[in-house]
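J.: what follows is a protein structure lacking sequence information:
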Ligand SMILES: *Cc1c(COP(=O)(O)O)cnc(C)c1O
Ligand code: SF4
């Protein structure tokens, strides 16, 4: 299958789009000027249900929707475009709107960049003891863009890809100096947009470095949903699978962290065949997704998705809370509701699918999971715990926040039972100052 990209400048050529009322085509254009927009022929022809596109989760996942901007911001962009404003003005105004959308949540840029011999490694993040994230420079785009993307600033030209780095040698040296690190997670964008030849260089160097501490090589990717032909018909499909095999044969584990937001993404022949081929290399596939209003905020969607994943040999791993960035008002699900959805879905699957953890917020102090709600001496509270923490010692210790039906994120929460601070706050300030 030949890969065809569509974005803001040519999306009106998509036959299914050309049939939509002009106003709807225009709405896509208006919002697509602010939020990242890119799709492809697989998504259009095999994923989206055009007979019901208004409600179709795959359409909403890929095509900008009017409700994703605040009404005044939408009206502002609409006026500019209709009045024939020049490109520079439109871009400047779009950037002003983007600045209001919390482009860099959870201090990703400031706090997580490690140093090697006094030099900042800008293509790496090291937040939790065992795992480093690596942003290879050739993997900083995706086969299509999710409208909810939390890394959207790098796709809209706001960030000059400050992350991206291709100096694998420095990463290897860092791994040598940090024997506590067992996992490297290739991320992006989507590292699977990389040519197999380039990925092979990274992997071969990592394996040849013979790092005893390195156990798990992980790849975070949405390619199974957005372009499964990556593993079927692309020129270097077999070559990519051979690189996976190389990792497995070296005795390290290869964990493919697949992003699936809805069971519909599991239904095409192409994705099922791609899954079979990846699993045949000995790689494990684990799955994760945020919970998203208008896409998957229903228990049946999750329980069905987890069951179907298990049937295909995938391991459910994380349910995330949608991050406090971009179109969060459109996608956001309050923590209380997210927990209810999680619980209802979880009790509908067998233990084999209960490997999933969540709902979890990736926030400044760590990954915080909502265990549930409780009432103690008349005060209602959320029970929370760290799944990952900037300080590992915080992990697994239940703590409490005042119940708040509307809270969407950690920063909306207050300590419960008369406490002024959460137990980790003083420690956290110390860590962040370092
Ligand atoms: C989620 C995450 C990881 C990986 O955490 P696991 O629980 O091991 O999957 C690593 N680094 C960062 C910054 C993360 O957000
Ligand atoms: S696959 Fe990930 S990085 Fe790419 S657009 Fe979707 S959320 Fe963003």
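T.: Received it, and whenever you're ready, just let me know what you need. This one's a predicted model, so the numbers in the text were calculated from it and none came from an experiment. Ligands and ions are numbered 1, 2, ... in the order given.
J.: for this protein, what lies in contact range of ligand 1?
T.: Within the chain, the positions adjacent to ligand 1 are 125, 127, 128, 131, 133, 362, 367, 387, 388 by C-beta under 6 Å from any ligand atom. Yep, even glycine has a C-beta here, placed from its N, CA and C like the rest.
J.: dump these into JSON lines; add distance to ligand 2 and secondary structure as well.
T.: Below are the residues of the chain next to ligand 1 laid out as JSON lines (distance: C-beta to the nearest ligand atom, whole Å; DSSP: H, G, I helix; E, B strand; the rest coil):
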{"residue": "125", "distance to ligand 2": "14", "secondary structure": "strand"}
{"residue": "127", "distance to ligand 2": "17", "secondary structure": "strand"}
{"residue": "128", "distance to ligand 2": "19", "secondary structure": "strand"}
{"residue": "131", "distance to ligand 2": "18", "secondary structure": "strand"}
{"residue": "133", "distance to ligand 2": "12", "secondary structure": "strand"}
{"residue": "362", "distance to ligand 2": "13", "secondary structure": "strand"}
{"residue": "367", "distance to ligand 2": "17", "secondary structure": "strand"}
{"residue": "387", "distance to ligand 2": "20", "secondary structure": "strand"}
{"residue": "388", "distance to ligand 2": "19", "secondary structure": "strand"}
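J.: just flag the most distant two among the residues you listed.
T.: The distance between the two most remote of those (C-beta to C-beta) is 17.0 Å, for 125 and 387.
J.: what about the two, which has more around it?
T.: residue 125 (21 against 17; other C-beta atoms under 10 Å).
J.: any idea which helix or strand comes after the helix or strand of the chain with the lowest mean pLDDT?
T.: Among the helical and strand segments of the chain, the one scoring lowest on mean pLDDT, DSSP states H and E is helix 108-111, with a mean of 69. Downstream of helix 108-111, the next assigned helix or strand under DSSP states H and E is strand 115-116.
J.: does residue 247 belong to a helix, a strand or coil?
T.: Following DSSP: H, G, I helix; E, B strand; the rest coil, residue 247 is assigned to helix.
J.: what do you get for the one 10 residues further on?
T.: Put simply, residue 257 is strand when judged by three-state DSSP.
J.: need the nearest residue in space to it, chain neighbours excluded.
T.: Distances taken as C-beta to C-beta, 6 or more residues apart in numbering place residue 220 nearest to residue 257, at 4.6 Å, with adjacent residues excluded.
J.: tell me which residues are up against the helix or strand hosting residue 340.
T.: Of the helices and strands defined by DSSP H and E, residue 340 is found in helix 335-346. Residues from elsewhere that reach helix 335-346 (C-beta atoms under 8 Å, 6 or more residues apart in numbering): 291, 297-303, 306, 319, 321, 333, 354, 356, 358-359, 361, 370, 372-373, 382, 403-405, 407-409, 412-413.
J.: among those residues, which ones are in strands?
T.: Among the contacts of helix 335-346, the ones falling in strands (DSSP state E) are 291, 319, 321, 358, 359, 361, 370, 372, 373, 382.
J.: is it true that the first one touches residue 322?
T.: Yes: checked against C-beta atoms under 8 Å, the pair residue 291 and residue 322 is within contact range at 6.6 Å.
J.: phi, psi of the residue nearest to residue 257?
T.: Main-chain torsions, residue 220, degrees, to the nearest 10: phi -90, psi 120.
J.: please apply the same query to the one 3 residues further on.
T.: Its backbone dihedrals place residue 223 at phi -60, psi -30, with angles given as degrees, to the nearest 10.
J.: for ligand 2, see how far away it is.
T.: Remark: distance between residue 223 and ligand 2 (C-beta to the nearest ligand atom, to the nearest Å) = 8 Å.
J.: quick one, what contacts that residue?
T.: 143, 190, 192, 193, 230, 231.
J.: likewise for residue 44?
T.: Shown in contact with residue 44 (C-beta under 8 Å, 6+ apart): 6, 14, 16.
J.: quick revisit: find the residues that touch each one of residue 291 and residue 322.
T.: By C-beta under 8 Å, 6+ apart, the residues touching both residue 291 and residue 322 are residue 333.
J.: quick one: the helices in the stretch 101-250 of the chain?
T.: For the stretch 101-250 of the chain, applying DSSP state H, counting those that start in this stretch gives helices covering 108-111, 168-177, 196-208, 223-226, 237-249.
J.: what mean pLDDT does stretch 299-307 have?
T.: Per-residue pLDDT values over stretch 299-307 give a mean of 98.
J.: contacts for that stretch?
T.: Residues from elsewhere that reach stretch 299-307 (C-beta under 8 Å, 6+ apart): 260, 262-263, 266, 289, 291, 296, 316, 319, 340-342, 344-346, 348-349, 353, 356.
J.: pull out the buried members of these.
T.: By neighbour count, with 16 or more other C-beta atoms under 10 Å, the contacts of stretch 299-307 hold 260, 262-263, 266, 289, 291, 296, 316, 319, 340-342, 345-346, 349, 353, 356 as buried.
J.: any part of stretch 68-79 near ligand 2?
T.: No: judged by C-beta under 6 Å from any ligand atom, stretch 68-79 stays clear of ligand 2, getting no closer than 13.9 Å.
J.: how about that stretch: buried residues?
T.: Neighbour count says stretch 68-79 has 68, 69, 73, 74, 76, 77, 78 buried, by 16+ other C-beta under 10 Å.
J.: pLDDT weak spots in the stretch 51-200 of the chain?
T.: Within the stretch 51-200 of the chain, the stretches with pLDDT under 70 are 106-109, 159-166.
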